[in-house]
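[1] starting from these lines, generate the structure:
(one chain, ligands or ions: 2)
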Amino acid sequence: MPIKEQVLESLEAVPVPATKRSVVGMNLVRDITISGKKVNIVLASTGLMAEVQDWVRDRVKGVVGQLTETGEVEVEYRDAKAKDLNEVARVIAVMSGKGGVGKSLVSSLVAIALRRKGYEVGILDADITGASIPRMFNLGSPPSGNESGILPVFSKSGIEVMSINLLLPNEDDAVIWRGPLIGKAITQFWEEVLWGKLDYLVVDLPPGTADAPLTVMQNLPISGIVVVTTPQDLATMVVKKAVNMAQHMKKPIIGVVENMSYLYVPEIDKKIELFGKSRAEEIARNIGAPLLGRLPIDPEIAKLCDGGNIEEYESGPYRSFAEKLIDIIPKGK
Ligand SMILES: Nc1ncnc2c1ncn2[C@@H]1O[C@H](COP(=O)(O)OP(=O)(O)O)[C@@H](O)[C@H]1O
Ligand SMILES: [Mg+2]
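    Ligands and ions are numbered 1, 2, ... in the order given. Below is the predicted model:
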């Protein structure tokens with residue numbers, strides 16, 4: 001007689017089409033009952049179109065049928081809401097006072113660092129009117145799904161992504177919604193996307209302290225915030241407001257990243273502080289959170305972002321940022 005653990009393990013080999021994960025990773029396995037040689041498996045149909053359900057059923061029958069002492073294999077689908085299936089251990093929000101400081105870049109780099117460590121990671125692009133995550137990862141195909149949920153789109157390295165840009169006919173289409181509608185879209189990304197089992201969901205927050213970031217703070221169970229700033233006075237001033245909001249909402253700040261901190265010129269081996277002297281240490285001290293790193297203005301970053309290849313990025317400053325982040329990021333449930 002097969003044992004439940006064996007059956008579950010075999011299901012790890014059944015991929016969910018259009019994702020880079022298994023039915024177990026997407027948390028679609030609802031129930032396994034074994035009586036004698038007969039195995040009965042209940043799967044959630046969330047996000048799966050009818051043809052996909054048939055395909056998955058055949059695969060499940062195939063792998064489970066191969067286990068020793070297995071007779072008949074029955075696969076039954078049950079409807080479930082994405083939010084009831086999602087098991088996201090940690091939500092990490094990336095925040096800045098103003099736009100254009102590299103918040104989306106840092107969101108991506110945080111997700112990439114975690115993914116390189118072997119974690120299951122997703123990015124929720126909550127910057128509805130300035131969505132830019134799909135471009136950085138070269139994602140264009142629309143997500144698939146059904147009435148009970150939609151599937152995220154997967155990056156090359158297997159990072160799950162959901163962004164309004166994936167749902168628009170053209171990525172350049174402007175989203176001219178007002179606050180409540182934007183808030184609703186973000187909540188839907190959280191509740192109606194099948195994220196499955198994730199170690200980390202990185203949320204690229206809208207900039208500033210208006211309605212949209214507030215909605216995310218209120219509606220998503222944020223475990224920690226990464227604050228992005230640049231050495232400009234204006235950025236320093238507005239980041240304080242953003243931090244005040246986070247502290248008011250009692251959301252812990254994991255650390256501060258100073259982006260576009262300096263330009264390194266290899267020919268003269270010099271760091272030039274283009275936007276003025278670094279304020280990173282001072283800001284971190286004021287907030288009472290560690291400085292995770294200072295990222296330089298790097299033409300390679302701009303090139304990789306524009307070409308959709310940010311997952312290939314590697315540099316000394318990034319490596320030390322990533323190590324520090326991994327070291328102090330909250331872990332487990
Ligand atoms: N450190 C950097 N070096 C070079 N280019 C950068 C750097 N940080 C951001 N950029 C570029 O600046 C632009 C804005 O960055 P983005 O992360 O989209 O900002 P935000 O999300 O804060 O509006 C992007 O096109 C990105 O390629
Ligand atoms: Mg952005």
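[2] helices of the stretch 151-300 of the chain, residue ranges please.
    179-192, 211-219, 233-248, 280-287, 299-307 (DSSP state H, counting those that start in this stretch).
[3] report the angle between the longest one and helix 280-287.
    The reference is to helix 233-248. Relative orientation of helix 233-248 versus helix 280-287 (axes from the mean of the first three to the mean of the last three Cα atoms, to 10 degrees): 30 degrees.
[4] closest one to Asp269 among the helices of the stretch 151-300 of the chain?
    Proximity to Asp269 (Cβ to Cβ) singles out helix 299-307 among these, at 17.0 Å. Bear in mind the C-beta positions are built from the backbone N, C-alpha and C, glycine included.
[5] contact partners of the closest one?
    Defining contact as Cβ atoms under 8 Å, 6 or more residues apart in numbering, one finds that helix 299-307 is touched by Leu105, Arg135, Met136, Asn138, Leu295, Ile310, Glu312, Tyr313, Ser315.
[6] between all of those, which two are separated the most?
    Farthest apart among the contacts of helix 299-307 by Cβ to Cβ are Asn138 and Leu295. That separation is 21.2 Å.
[7] so which of these two has more stuff around it?
    Leu295 (23 against 13; other Cβ atoms under 10 Å).
[8] confidence score at the residue lying closest to that one once chain neighbours are set aside?
    Beyond its immediate neighbours in the sequence, the residue positioned closest to Leu295 (Cβ to Cβ, 6 or more residues apart in numbering) is Asn259, lying 4.9 Å away. The score at Asn259 is 96. That number is its pLDDT.
[9] residues near Asn259, how many?
    Neighbours around Asn259, by other Cβ under 10 Å: 24.
[10] now swap in Met260 and tell me
    Neighbours around Met260, by other Cβ under 10 Å: 24.
[11] got the residues of the stretch 101-250 of the chain near ligand 1?
    Val101, Gly102, Lys103, Ser104, Leu105, Gly130, Ser132 (Cβ under 6 Å from any ligand atom).
[12] which residue does the stretch 1-150 of the chain have closest to ligand 2?
    At 3.2 Å from ligand 2, Ser104 is the closest residue in the stretch 1-150 of the chain, using Cβ to the ion.
[13] need the contact partners of the helix or strand in which that residue is found.
    Using DSSP states H and E, Ser104 sits in helix 103-116. Residues outside helix 103-116 that contact it (Cβ under 8 Å, 6+ apart): 92, 94-96, 121-123, 125, 127, 130, 132-133, 136-137, 157-159, 199-200, 202-205, 207, 226, 228, 257, 259, 295, 301, 305, 310-311, 313, 318, 321-322, 325-326, 329.
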